[in-house]
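Chemist: From the sequence below, what's the structure:
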Amino acid sequence: MTDTAAQPSVSLADQPRFDCRDAYVKTLVELADQDHRIVGVVNDSVGSSKLDAFKKAFPDRLINVGIAEQDMVGVAAGLANGGRIPFVSAASCFLTARALEQIKADIAYSFRNVKLCGMSPGMAYGELGPTHHSIEDIAWLRAIDNMIIVVPADPIETAAALRWAAAYDGPVFIRVSRMSVPQVNADDYTFELGRAVTLRQGGDVTLISNGTVLWRALVAAEQLAAEGIAARVLSMPTVKPLDVDAVVAAATETAGIVTAEEATTAGGLGGAVAETVVQHHPTRVTILGVPEFAPTGSAGFLLDRYGMSPEGIADDARQLLRQR
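Modeler: Numbering: from 1, shown residues only. Alright, predicted model coming up:
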């Protein structure tokens with residue numbers, strides 16, 4: 001674990017926000033320009049994936065199968081079998097739910113070199129309701145052998161994770177957020193598989209987060225610091241494999257852990273952390289996430305509803321400390 005970001009002089013809540021899909025397509029175009037094996041596979045989702053620049057640069061390397069997610073994953077497996085490196089780009093709710101069998105059998109079990117990019121994950125499609133919310137994707141894929149799961153928190157980490165995935169020979173699932181987020185990682189950040197990043201030191205309590213919620217955890221730590229509470233903030237971009245050493249250190253060196261993620265409370269990052277703690281060093285763990293079919297509403301409203309505002313995360317940390 002290392003510190004990779006200096007403490008901000010002003011709150012992250014006031015920093016500019018970015019759409020990670022912009023970093024996604026920019027990086028994918030750069031990678032494809034360097035490696036002719038890289039192709040895109042989509043399910044009528046060129047616009048929502050912001051892949052117009054890729055389509056313009058490589059019109060013969062973007063395969064659009066239409067609204068047929070199972071076929072999309074099967075086509076990607078075939079392309080990988082033929083020596084290509086497919087980046088499958090589709091709304092995470094449809095990619096993981098409709099094509100779960102193909103992901104399991106054609107990609108993971110067969111260990112195909114396919115990169116599954118779950119676009120607009122979590123509750124990004126908030127107003128479209130539970131059918132379009134993708135809160136279960138991490139839990140589903142965690143249960144599948146050979147599947148690496150990465151949840152970037154900002155454009156810097158999104159680009160770094162894509163570069164790593166392109167060089168890795170095997171199945172990878174990467175969440176690509178459409179919700180605007182501030183930059184939380186340094187410009188020279190390098191993604192390392194299975195490594196947590198300490199964004200803020202602290203010995204009282206640990207906040208572990210990733211994706212769109214990480215910046216909220218950092219703001220929560222700012223609020224706690226104003227009260228004299230030193231919260232360690234661990235960025236956990238790799239949910240599988242998890243950084244067990246970082247979790248055990250947090251369990252050992254602080255009073256407890258609060259996890260916060262834009263996903264179900266069953267089987268996601270929180271579940272992975274709790275499983276690790278139970279096996280290695282039992283401590284108090286509070287799991288923040290979505291415990292039910294979330295109602296319709298904006299993504300920001302829904303995150304706040306389930307306690308993942310900075311204030312909500314900070315309050316759970318206070319409650320955990322009161323239980324000592």
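Chemist: all strands for the stretch 101-250 of the chain, in order.
Modeler: Across the stretch 101-250 of the chain, reading from the start of the chain, the strands by DSSP state E, counting those that start in this stretch fall at 115-119, 148-150, 172-176, 197-200, 205-209, 231-235, 238-240.
Chemist: Please convert those strands to a markdown table, extending it with mean pLDDT and mean neighbour count.
Modeler: For every residue, glycine as well, the C-beta is placed using N, CA and C. As requested, the strands of the stretch 101-250 of the chain are exported to a markdown table (pLDDT from 0 to 100; neighbours: other Cβ atoms under 10 Å):
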| stretch | mean pLDDT | mean neighbour count |
| --- | --- | --- |
| strand 115-119 | 97 | 28 |
| strand 148-150 | 98 | 25 |
| strand 172-176 | 98 | 27 |
| strand 197-200 | 98 | 23 |
| strand 205-209 | 98 | 29 |
| strand 231-235 | 98 | 26 |
| strand 238-240 | 98 | 24 |
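Chemist: top strand in this structure by residue count?
Modeler: As assigned by DSSP state E, the longest strand anywhere in the chain is strand 256-264.
Chemist: list the buried ones in the strand or helix carrying Ala274?
Modeler: In this structure, Ala274 sits in helix 269-280 according to DSSP states H and E. Along helix 269-280, the positions that meet the burial threshold by neighbour count (16 or more other Cβ atoms under 10 Å) are 269-274, 276-277.
Chemist: Most widely separated two among these?
Modeler: In terms of Cβ to Cβ, the buried residues of helix 269-280 reach their longest pairwise distance at Leu269 and Val277, which sit 12.5 Å apart.
Chemist: wait, which of the buried residues of helix 269-280 is closest to Lys240?
Modeler: Scanning the buried residues of helix 269-280 for proximity to Lys240, where the rule is Cβ to Cβ, the winner is Ala272, at 7.1 Å.
Chemist: isn't the closest one right up against Leu141?
Modeler: No. In terms of Cβ atoms under 8 Å, Ala272 does not count as a neighbour of Leu141; the distance is 11.7 Å.
Chemist: same for the following helix or strand past the helix holding Ala274, what does it pack against?
Modeler: Helices and strands here follow DSSP H and E; after helix 269-280, the next one along the chain is strand 284-290. Counting contacts by 3 or more Cβ pairs under 8 Å, 6 or more residues apart in numbering; DSSP states H and E, strand 284-290 is packed against strand 256-264, helix 269-280, helix 310-322.
Chemist: so how far is Ser235 from the spatially most central residue of the chain?
Modeler: Here the mean C-alpha position of the chain is nearest to the C-alpha of Val151 (Cα atoms, centre = their mean), at a distance of 1.7 Å. Counting by Cβ to Cβ, to the nearest Å, the gap from Val151 to Ser235 is 10 Å.
Chemist: Hmm, Ala251 is touching Gln279, no?
Modeler: No. Between Ala251 and Gln279 there is no contact under Cβ under 8 Å: 10.7 Å.
Chemist: picking that back up, find residues that contact each of Val151 and Ser235.
Modeler: Between them, Val151 and Ser235 share these contacting residues under Cβ atoms under 8 Å, 6 or more residues apart in numbering: Asn210.
Chemist: Is His281 in contact with Val248, as I believe?
Modeler: Yes. Between His281 and Val248 there is a contact at 5.2 Å, judged by Cβ under 8 Å.
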